[in-house]
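J.: Pasting a predicted model and its sequence here:
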Amino acid sequence: MLNRIPESSPPSFGAPGSGEHVQDPFGRDVDVQRLWKAVVRRRKLFLWVFGGFFLLVCLFTLLQPRSFTTAVKLIAGSSGQGGPVEQGGTQLPVLNALLEASSAQSSETYAELLQQTPVAAEVSQNLGLGLAPEQLLSHLKVKPVPDTSILTLAISWRDPQTSARIANEFASVFVEHERQLVARQADTAIKFLQQQLPASEEHMRAAQDALATYEVRAGIADLQTQTKTDIDSITALDQKRQAAELEATQAAASLETVEAQLAQTSPTVVGSQSLAANPVNAQLQSQISSLRVQLNAARQQYTDDHPTVIALKSQLAEAQRELHSQPDQVLAGTSTIPNPVYQQLEQQAASLQAQIASAQAQQDTLAQQQAAAKPKLDQLPEKARRIGDLERSAKAAQDIYDELQRKYQDALISKTTAISDIAITQAADPASYTVTPNVPLNLLIGFGLGLILAVASVFVTEFLDDRFRTEDDIRERLGMPVLATIPHFDAAEWGENPWVKPLSVEAFYQLVAALRYSSNDPPRTIVFTSPDQGDGKSTVALNTAISIAMMKARVLLVDGDLRRPSLHEKLNVPNERGLSDVLVGLASFSDAIRPTEHANVWVLTSGKTAPNPVALLQSPEFDDILRQARERFEYVIVDGPALRSIVDGLILSIKADGAVLVVSSQKSDGRAVAAALQKLHSVGSINLLGVVLNGTKPDPRENSNYYLGAGQSISLPTKTTGS
């Protein structure tokens with residue numbers, strides 16, 4: 001008596017098992033032990049994906065040019081201003097407004113100013129790099145240190161020495177640019193004063209000559225004290241009025257210059273730009289992975305010349321070309337900030353406008369005071385009054401000239417002593433650099449990502465693979481009992497005849513025992529069918545018959561596939577007489593059956609090709625053949641046709657005591673098996689005994705229980721793709 005081997009297949013994905021569980025991307029529980037077995041089963045895919053990805057990372061890391069980065073640190077903020085000052089500023093309002101605006105700028109503002117084209121152009125010219133400003137700026141990275149006024153200016157280059165030279169030159173040029181921004185305002189005042197000084201000097205000398213000439217002609221050398229006081233008072237008022245007029249004129253000239261600069265300056269500049277990974281790359285990579293999985297699956301079923309394989313190759317190549325054409329990163333967003341130069345110019349314009357308004361108001365007040373004091377002078381004698389007028393004019397001209405000279409000297413001092421509000425705190429050192437790519441880090445990341453990608457590929461392939469691989473797959477997805485699991489063996493183990501060679505295998509003993517003890521009244525006439533051609537049903541039927549015969553039982557093997565018979569080829573027997581000949585009356589049952597080289601195994605081949613197999617199988621003659629077979633043999637094993645597109649298998653299953661569905665773990669998918677079961681279940685009289693899972697690949701690391709002693713032999717197929 002044969003005993004059925006205990007079932008010990010591991011649970012499939014999503015089913016409870018004894019191992020540890022994790023969540024998969026679809027929210028289901030995954031048995032870690034089952035996942036490990038899937039990795040072992042698909043170890044070639046795992047090694048290809050992992051090895052390919054890791055090799056790409058290694059090649060990318062080793063072939064990528066090395067880049068050395070050095071950094072210089074600067075501190076941003078007002079450093080003061082040289083020259084004469086009044087209440088913390090210079091005597092020039094334009095310069096005072098500029099310094100006040102500069103001291104309030106943030107680190108981010110200086111970082112943006114540092115990346116302007118003029119600075120990069122001057123650095124490239126000074127060092128003879130021969131690069132356009134945009135090209136040089138691509139090697140620059142400026143990063144403000146949070147909550148401080150410190151800027152980090154980093155340059156990436158092919159060697160650390162050049163990187164440090166460029167970084168230090170960038171810092172020096174920027175410091176000088178900021179100093180020149182302060183000095184440029186003094187230039188405006190100097191140009192105006194240079195235009196006014198010659199005219200003022202000429203006016204002063206003319207007034208002095210007129211006074212001297214009149215004193216000589218009038219014979220008057222001095223005036224009385226009272227007259228002198230009145231004249232001095234009028235002179236002081238006139239001096240103040242002219243000084244106010246000069247101040248208004250100077251401010252108006254400066255205002256005109258500032259407004260011209262405002263018209264050429266943008267109110268805002270780009271503050272920062274953020275980059276993000278290109279989402280198209282992720283979609284293309286996902287599409288490439290899916291196409292590779294589909295291509296691998298197609299190659300298992302078709303040759304490389306099949307249209308499906310060619311189409312998948314073309315789609316994969318197109319997706320890879322599209323991925324290579326996409327940039328790694330795209331611009332995610334930009335932010336704008338107020339242009340600091342524009343704000344400074346606006347503040348200067350406002351200050352100058354206020355200065356002009358103040359000077360004009362002062363002129364009006366002084367004019368009123370002069371009008372009030374003029375009657376006193378009218379009372380003086382004509383000569384004294386004339387001398388007073390000349391003295392007043394000469395004194396006013398002298399004072400205006402002296403004031404212009406003083407302001408000119410102040411402007412020169414402000415220009416020559418202008419100090420930048422940016423200072424270098426730490427220069428770039430060629431010995432202190434960072435280098436990219438970081439080979440150890442890249443290899444470590446590539447190793448980790450390669451493992452993750454390989455495991456994900458195995459999991460996705462396992463998830464998309466709709467074939468039945470274990471007994472648990474059959475039970476969970478079909479709800480059918482599994483009679484036996486037939487392993488797959490390589491053709492090299494079988495020698496010349498791959499169909500009937502002795503091999504000690506327990507799988508068919510398990511199948512025979514399951515059929516024998518499937519019910520209280522064991523079936524004697526059993527039909528073997530399958531969802532489609534090539535699932536191995538004929539080979540399973542043949543070896544089942546041989547296994548039963550080894551238990552000293554007479555077995556008749558009937559080839560019920562009248563369309564595509566194969567048993568006569570597997571048993572090497574002639575097929576000139578068979579089932580079709582008996583059904584049409586050309587031969588008798590006794591003449592058609594013939595013994596085989598296996599003891600207790602007889603065969604009824606298909607016979608000549610029949611024009612209408614369905615009509616023959618439904619005829620009373622076929623029922624008579626089954627009756628005679630039951631009388632002469634203990635078991636009748638019928639090799640039926642596949643169920644995909646014909647009803648022959650259903651007719652045979654109806655007439656037999658039971659039917660067995662053979663499912664190929666290498667070929668049968670869920671849809672084909674479900675369609676076959678639906679056909680079998682659609683006929684209530686069919687006794688579906690169970691499912692045989694054919695062509696499984698046992699785990700080579702585990703001890704197999706298939707093999708028995710040397711004295712026991714059984715026939716087993718090597719080609720599970722046969723019928």
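T.: It's in. Just so it is clear, the structure is predicted and the values come from calculations on it, not from any experiment.

J.: max-length helix in the chain?
T.: With secondary structure taken from DSSP state H, the chain has its longest helix at helix 160-218.

J.: and that one, what other elements does it pack with?
T.: Using 3 or more Cβ pairs under 8 Å, 6 or more residues apart in numbering; DSSP states H and E as the contact definition, the elements that helix 160-218 packs against are strand 67-76, helix 93-102, helix 107-114, helix 117-127, strand 150-157, helix 225-263, helix 382-416, strand 422-426. C-beta: built from backbone N, CA, C; applies to glycine.

J.: Of all those, which one is nearest residue 449?
T.: When those are compared by Cβ to Cβ, strand 67-76 sits nearest residue 449, at 22.0 Å.

J.: and that closest one, which residues are buried?
T.: 67-76 (16 or more other Cβ atoms under 10 Å).

J.: And for stretch 176-194?
T.: 177-179, 181-183, 185-186, 188-190, 192-193.

J.: cool, and stretch 458-471?
T.: Along stretch 458-471, these residues count as buried under the neighbour rule (16+ other Cβ under 10 Å): 458-459, 461-463, 465, 467-471.

J.: Just the endpoints, please. Distance across that stretch?
T.: Separation of the first and last residues of stretch 458-471 by Cα to Cα, to the nearest Å is 20 Å.

J.: which residues sit in contact with residue 397?
T.: When the contact criterion is Cβ atoms under 8 Å, 6 or more residues apart in numbering, the partners of residue 397 are 200, 203-204, 206-208.

J.: do that again at 6 Å, thanks
T.: Applying Cβ atoms under 6 Å, 6 or more residues apart in numbering, we find residue 397 in contact with 203-204, 207.

J.: Hmm, residue 541 is touching residue 637, no?
T.: Yes - taking contacts as Cβ atoms under 6 Å, residue 541 lies within contact range of residue 637: 5.3 Å.

J.: Which secondary structure state does residue 146 sit in?
T.: Under the three-state scheme (DSSP: H, G, I helix; E, B strand; the rest coil), residue 146 adopts coil.

J.: any idea how far it lies from residue 210?
T.: 69 Å (Cβ to Cβ, to the nearest Å).

J.: Please render the contacts of residue 397 as CSV that adds neighbour count, distance to residue 345 and pLDDT to the earlier fields.
T.: CSV is the format used below for these (neighbours: other Cβ atoms under 10 Å; distance: Cβ to Cβ, whole Å; pLDDT from 0 to 100):
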residue, neighbour count, distance to residue 345, pLDDT
203, 17, 33, 82
204, 21, 35, 83
207, 19, 39, 81
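
J.: Let me know the closest of those to residue 649.
T.: Comparing these against residue 649 with Cβ to Cβ picks out residue 203 as the nearest, at 125.2 Å.

J.: For that closest one, which non-adjacent residue is spatially closest?
T.: In space, and not counting its chain neighbours, residue 203 is closest to residue 397: 5.0 Å by Cβ to Cβ, 6 or more residues apart in numbering.

J.: Ok, residue 121 next?
T.: residue 133 (4.6 Å).

J.: And the nearest residue to residue 340 once chain neighbours are set aside, what's its pLDDT?
T.: The shortest distance from residue 340 to any residue that is not its chain neighbour, by Cβ to Cβ, 6+ apart, is 4.9 Å, and that residue is residue 109. Each residue has a pLDDT score; the one for residue 109 is 79.

J.: Please parse the protein into its domains.
T.: Taking automatic domain parsing as the domain assignment, the record places the domains of the chain at 21-65+436-464, 67-270+339-426, 279-326, 471-715.

J.: mean confidence score for the first one?
T.: Model confidence over domain 21-65+436-464 averages 80 on the pLDDT scale.

J.: roughly how far is it from the heart of the chain?
T.: Relative to the chain's own centre, domain 21-65+436-464 is displaced by 17 Å; criterion: Cα atoms, centre = their mean, to the nearest Å.

J.: what does the shortest one give?
T.: For domain 279-326, the distance between its averaged C-alpha position and the chain's averaged C-alpha position is 19 Å (Cα atoms, centre = their mean).

J.: Ends of that domain, what's the gap?
T.: In terms of Cα to Cα, the two terminal residues of domain 279-326 are separated by 10 Å.

J.: again with stretch 610-626
T.: With Cα to Cα applied, stretch 610-626 spans 19 Å between its terminal residues.

J.: average pLDDT for it?
T.: The predicted model gives stretch 610-626 an average pLDDT of 91.

J.: just how off-centre is it within its chain?
T.: Taking the mean of its C-alpha atoms, stretch 610-626 sits 65 Å from the chain's own mean (Cα atoms, centre = their mean).

J.: shaky segments in the stretch 501-650 of the chain?
T.: Scanning the stretch 501-650 of the chain for pLDDT under 70 picks out 501-505.

J.: Would you state the strands of it in chain order?
T.: With DSSP state E, counting those that start in this stretch, the ranges of strands along the stretch 501-650 of the chain come out as 502-503, 525-529, 555-559, 594-595, 601-604, 635-639.

J.: and if you look at the stretch 351-500 of the chain?
T.: Remark: strands of the stretch 351-500 of the chain, listed N- to C-terminal, are 422-426, 434-436, 482-487; assignment by DSSP E, counting those that start in this stretch.

J.: Tell me which of those sits nearest to residue 569.
T.: That would be, of the strands of the stretch 351-500 of the chain and by Cβ to Cβ, strand 482-487, which comes in at 19.9 Å.

J.: What strands flank the closest one, and is each parallel or antiparallel?
T.: Strands adjacent to strand 482-487 in the sheet, as given by DSSP bridges, are strand 688-696 (parallel).

J.: relative orientation of the partner strand and strand 525-529 in degrees?
T.: With axes from the mean of the first three to the mean of the last three Cα atoms, to 10 degrees as the criterion, the two stretches strand 688-696 and strand 525-529 enclose an angle of 50 degrees.

J.: just the helices in the stretch 401-550 of the chain please.
T.: Along the stretch 401-550 of the chain, the segments classed as helices by DSSP state H, counting those that start in this stretch run 439-464, 471-478, 507-516, 537-549.

J.: Pull out the buried residues from the second one.
T.: Along helix 471-478, these residues count as buried under the neighbour rule (16+ other Cβ under 10 Å): 471-475, 478.

J.: again with the longest one
T.: Within helix 439-464, the residues that qualify as buried are 442-443, 446, 450, 453-455, 457-459, 461-463, counting by 16+ other Cβ under 10 Å.

J.: and which of those is nearest residue 310?
T.: Within the buried residues of helix 439-464, distances to residue 310 taken as Cβ to Cβ reach their minimum at residue 461, with 21.3 Å.

J.: if I look at the closest one, how far off is residue 42?
T.: From residue 461 across to residue 42, the span is 6 Å (Cβ to Cβ).

J.: one step back: is it possible to get TSV of the buried residues of strand 67-76 that adds distance to residue 584?
T.: As requested, the buried residues of strand 67-76 are exported to TSV (distance: Cβ to Cβ, whole Å):
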residue	distance to residue 584
67	86
68	91
69	91
70	96
71	97
72	101
73	102
74	104
75	107
76	105
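
J.: highest average neighbour count across the domains of the chain?
T.: Comparing the domains of the chain by mean neighbour count (mean count of other Cβ atoms under 10 Å), domain 471-715 comes out on top with a mean of 19.

J.: Please compute how far that one lies from its chain's middle.
T.: Here the centre of mass of C-alpha atoms in domain 471-715, compared against the chain's by Cα atoms, centre = their mean, lies 54 Å away.

J.: Export the helices of the stretch 401-550 of the chain as JSON lines, with columns for distance to residue 115.
T.: Supplementary listing: those in JSON lines, determined by distance: least, Cβ to Cβ, whole Å:
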{"stretch": "helix 439-464", "distance to residue 115": "28"}
{"stretch": "helix 471-478", "distance to residue 115": "62"}
{"stretch": "helix 507-516", "distance to residue 115": "74"}
{"stretch": "helix 537-549", "distance to residue 115": "75"}
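
J.: of all those helices, which lies closest to residue 577?
T.: With Cβ to Cβ, the closest approach to residue 577 among the helices of the stretch 401-550 of the chain belongs to helix 537-549: 19.4 Å.
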